[in-house]
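Trainee: Structural data only, the sequence is not supplied:
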């Protein structure tokens with residue numbers, strides 16, 4: 001018999017975002033938007049987990065948020081990255097939806113690290129990986145909140161973290177993906193998970209989506225990343241997470257073309273390894289694990 005976890009609620013908060021312009025600086029894969037005063041840093045790491053998604057957010061007040069963990073084989077890599085960055089506990093773990101390339105690598109994290117709270121899409125699934133995921137939550141009695149569209153998550157008073165998409169009764173796994181908009185002062189990140197065109201249409205009509213940094217939806221699939229949506233986002237930079245030489249052809253030529261039309265510079269984990277963006281809310285720096293992280297279409 002499957003075990004299901006109890007639900008709890010997170011407090012809500014609201015911070016209003018302001019747009020910022022971008023200006024490139026010098027250094028190898030090191031870009032400065034503008035020179036500004038010193039402030040606490042927000043770090044967003046797009047981890048290289050192959051054909052999957054995983055992001056570590058380290059907030060200005062030193063809270064750790066892990067969004068997805070790649071597939072089961074990626075779990076060890078994610079753990080190594082967390083330990084290398086000094087992460088000993090996860091304050092909020094987000095399982096955007098139950099596909100194995102998003103939650104598989106979360107199993108060792110849940111088993112070995114202290115996880116204080118989980119945000120889940122509420123989408124049920126029948127795989128062994130998903131069943132084990134729910135069993136660990138129950139065994140360790142980790143509080144779980146089901147995502148609700150429009151809600152703001154309270155974890156660090158210096159940032160705003162809003163849920164723009166969540167599960168609904170007729171949603172597929174991808175359509176149920178939790179989409180997050182992260183704001184620190186004047187810099188916004190839009191983290192799309194595997195949301196599709198239908199969800200993009202609703203989000204661009206119901207929420208503010210304009211963001212400097214865009215996490216490309218569904219690894220660059222043509223089911224997502226529509227031109228109409230990207231024109232509303234107006235990203236300066238985009239990051240796509242996918243496996244090198246994957247059989248699905250990600251990122252697709254159509255999506256790369258759409259991003260180019262918006263003027264976004266596209267970074268790829270398959271080229272640069274883990275892509276890290278550090279910001280004090282007024283200036284940003286982008287670095288990569290390997291040289292040449294920018295995706296250039298053939």
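Mentor: Noted; the coordinates are in hand. Remember, predicted model here, so these are calculated numbers, not experimental data.

Trainee: need the strands for the stretch 51-200 of the chain, in chain order.
Mentor: Here the stretch 51-200 of the chain has its strands, by DSSP state E, counting those that start in this stretch, at 55-58, 64-67, 89-90, 92-95, 114-115, 118-120, 144-146, 160-165, 179-184, 187-191.

Trainee: And for residue 45, the neighbour number?
Mentor: Applying other Cβ atoms under 10 Å, we find 21 residues neighbouring residue 45. (Glycine included, C-beta is placed from N, CA and C.)

Trainee: my read: it touches residue 82, true?
Mentor: No. Applying Cβ atoms under 8 Å as the test, residue 45 and residue 82 come out as separate, 9.5 Å apart.

Trainee: joint contacts of those two?
Mentor: Counting by Cβ atoms under 8 Å, 6 or more residues apart in numbering, the residues touching both residue 45 and residue 82 are residue 56.

Trainee: Format the strands of the stretch 51-200 of the chain as JSON lines; extra columns: distance to residue 259.
Mentor: Formatted as JSON lines, the strands of the stretch 51-200 of the chain follow (distance: least, Cβ to Cβ, whole Å):
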{"stretch": "strand 55-58", "distance to residue 259": "19"}
{"stretch": "strand 64-67", "distance to residue 259": "21"}
{"stretch": "strand 89-90", "distance to residue 259": "31"}
{"stretch": "strand 92-95", "distance to residue 259": "24"}
{"stretch": "strand 114-115", "distance to residue 259": "34"}
{"stretch": "strand 118-120", "distance to residue 259": "28"}
{"stretch": "strand 144-146", "distance to residue 259": "32"}
{"stretch": "strand 160-165", "distance to residue 259": "19"}
{"stretch": "strand 179-184", "distance to residue 259": "17"}
{"stretch": "strand 187-191", "distance to residue 259": "13"}
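
Trainee: okay if I get these as TSV plus mean pLDDT and distance to residue 208?
Mentor: As requested, the strands of the stretch 51-200 of the chain are exported to TSV (pLDDT from 0 to 100; distance: least, Cβ to Cβ, whole Å):
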stretch	mean pLDDT	distance to residue 208
strand 55-58	98	19
strand 64-67	98	20
strand 89-90	98	28
strand 92-95	98	20
strand 114-115	98	30
strand 118-120	98	20
strand 144-146	98	23
strand 160-165	98	9
strand 179-184	98	8
strand 187-191	98	9
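
Trainee: okay if I get those strands as CSV plus distance to residue 136 and mean neighbour count?
Mentor: Compiled in CSV, the strands of the stretch 51-200 of the chain are given as follows (distance: least, Cβ to Cβ, whole Å; neighbours: other Cβ atoms under 10 Å):
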stretch, distance to residue 136, mean neighbour count
strand 55-58, 19, 23
strand 64-67, 14, 25
strand 89-90, 13, 17
strand 92-95, 11, 26
strand 114-115, 9, 16
strand 118-120, 10, 24
strand 144-146, 11, 18
strand 160-165, 23, 24
strand 179-184, 23, 25
strand 187-191, 24, 26
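
Trainee: Of all those, which one comes closest to residue 266?
Mentor: strand 187-191 (14.4 Å; Cβ to Cβ).

Trainee: what packs against that closest one?
Mentor: Using 3 or more Cβ pairs under 8 Å, 6 or more residues apart in numbering; DSSP states H and E, the elements in contact with strand 187-191 are strand 179-184, strand 213-215.

Trainee: Let's see that with 10 Å instead.
Mentor: When contacts are defined as 3 or more Cβ pairs under 10 Å, 6 or more residues apart in numbering; DSSP states H and E, strand 187-191 packs onto strand 42-46, strand 55-58, strand 160-165, strand 179-184, strand 213-215, helix 227-233, strand 237-240, strand 275-279.
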